[in-house]
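K.L.:
Fold the following, please.
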Amino acid sequence: MSALWSSELWSSDLWVQRALVLGLAAGLDRIVGDPWGWPHPVQAIGRVIGWGSRAIQRLKLPPSGERRLGVILALGVMLGSGLVGWWAVHLAGMVHPMVGIAAEVVLLASCLAGRSLRRAAEEVLNPLAVADIPTARQRLALYVGRDTENLDEPEILRAVLETVSENATDGVLAPLFYALVGAFLPWGSVPVALAYKAASTLDSMVGYREAPYTHLGWFSARFEDGLTWLPCRLTVLTIALLSGRPRQVVRLCRRDAPADPSPNAGWSECAYAAALGVQLGGRNIYRGQVKEKPLLGDAVRSIECDRILAALALTRRAALLWLGLGVSALAAAALWNNQYISF
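P.N.:
Purely as a prediction, here's the structure:
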């Protein structure tokens, strides 16, 4: 392992390359995003999870057996995703170094969902702008789990803002956090970010308390919660700082977020609600069943389209801040490495 950290391997060029990959990947996500119909790593991860979960369920095991195989499935998918990402970059680099860098940029950009999140919001907001409520409901149903058939405009707007604020952590800032962590590790950003995306996909597919995933998905749900805990808290602090009212945002989060059953979603949503001066949560209907979610933030303002656009802008600014800090740290490492070698 010591060879992985030798000054010969960790040259200044490598630090610069990793900073370049991070910047280009963020730019690619911002400009292109995830075009419809294009192959995506998450699709492949989802197919593996679907195949594995169905195979386990066909065994008709007792709860303890499903739990054990659920652990194996989760760890296998996460480690496998990271390993496949590492091999893809390694093999591309064997063709030509520039091809390897291009593979890193594309794979890492696929882990970030900034443009996709904005596109999803706009697909619902655009029909609302012309009072086309039925189309807005139909498009919203593609992105949320709640029943949308009878939602009025204020409830549609609340659903969009809740989705934007929750997925700011899961889809944008947490993957970026692990990409930045990976940049300082021997394996690089891609394997670490892909492993996190696999954990997030596992949680979204099998991490439910309800049957048939109660036992199969318990580890996936808890492990993803653990992985997201730190980037979620950093998101709260970042949004609080960017809001210009950090103490108020943190105070409201500490007051309201613990009431949410999720250890992360409530904090992320509450940070945005407090920063924007709106209130999230309330009555939702899932498959005909009414569920009351805790109220997050104070209703200083009503939720309008401009609040959703402001939330997207906050996410973009937070990602740029993290990216700038990460790239600066990599640049500092390159400078230190030059001085160390010269000395």
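
K.L.:
Quick one: residues contacting G50.
P.N.:
By CB atoms under 8 Å, 6 or more residues apart in numbering, the contact set of G50 is M205. For every residue, glycine as well, the C-beta is placed using N, CA and C.

K.L.:
again, only this time at 10 Å
P.N.:
M205, V206 (CB atoms under 10 Å, 6 or more residues apart in numbering).

K.L.:
for H40, same thing?
P.N.:
Going by CB under 10 Å, 6+ apart, the list of residues near H40 reads D34, G46, S110, S116, K197.

K.L.:
Next: G297.
P.N.:
249, 252-253, 255-257, 269-281.

K.L.:
Just the buried ones among these, please.
P.N.:
By neighbour count, with 16 or more other CB atoms under 10 Å, those hold 249, 252-253, 256-257, 269-281 as buried.

K.L.:
What about those residues, which are in strands?
P.N.:
L280, G281 (DSSP state E).

K.L.:
Run through the strands of the stretch 201-343 of the chain in chain order.
P.N.:
For the stretch 201-343 of the chain, applying DSSP state E, counting those that start in this stretch gives strands covering 280-286, 289-296.

K.L.:
packing partners for the longest one?
P.N.:
In this structure, strand 289-296 makes packing contacts with helix 153-167, helix 246-256, helix 265-276, strand 280-286, judged by 3 or more CB pairs under 10 Å, 6 or more residues apart in numbering; DSSP states H and E.

K.L.:
so for it, what's the average pLDDT?
P.N.:
Mean pLDDT, strand 289-296: 93.

K.L.:
now do the shortest one
P.N.:
Confidence over strand 280-286 (mean pLDDT, whole number) is 93.

K.L.:
Kindly calculate the angle that that strand makes with strand 289-296.
P.N.:
Computed with axes from the mean of the first three to the mean of the last three CA atoms, to 10 degrees, the direction of strand 280-286 lies at 170 degrees from that of strand 289-296.

K.L.:
what does strand 280-286 contact?
P.N.:
Strand 280-286 is contacted from outside by 144-151, 155, 158-159, 161-162, 165-166, 256, 259-260, 266, 269-270, 272-274, 290-297, 299, 303, using CB under 10 Å, 6+ apart.

K.L.:
Drop anything exposed from the residues you listed.
P.N.:
144, 146-148, 151, 155, 158-159, 161-162, 165-166, 256, 260, 266, 269-270, 272-274, 293-297, 303.

K.L.:
A198 reaches G80, doesn't it?
P.N.:
Yes: assessed by CB atoms under 10 Å, A198 is found in contact with G80 at 7.7 Å.

K.L.:
Which of these two has more residues huddled nearby?
P.N.:
Per other CB atoms under 10 Å, whichever of A198 and G80 has more neighbours is A198, with 30 against 15.

K.L.:
how much space between that one and L323?
P.N.:
In this structure, A198 and L323 are 22 Å apart, going by CB to CB, to the nearest Å.
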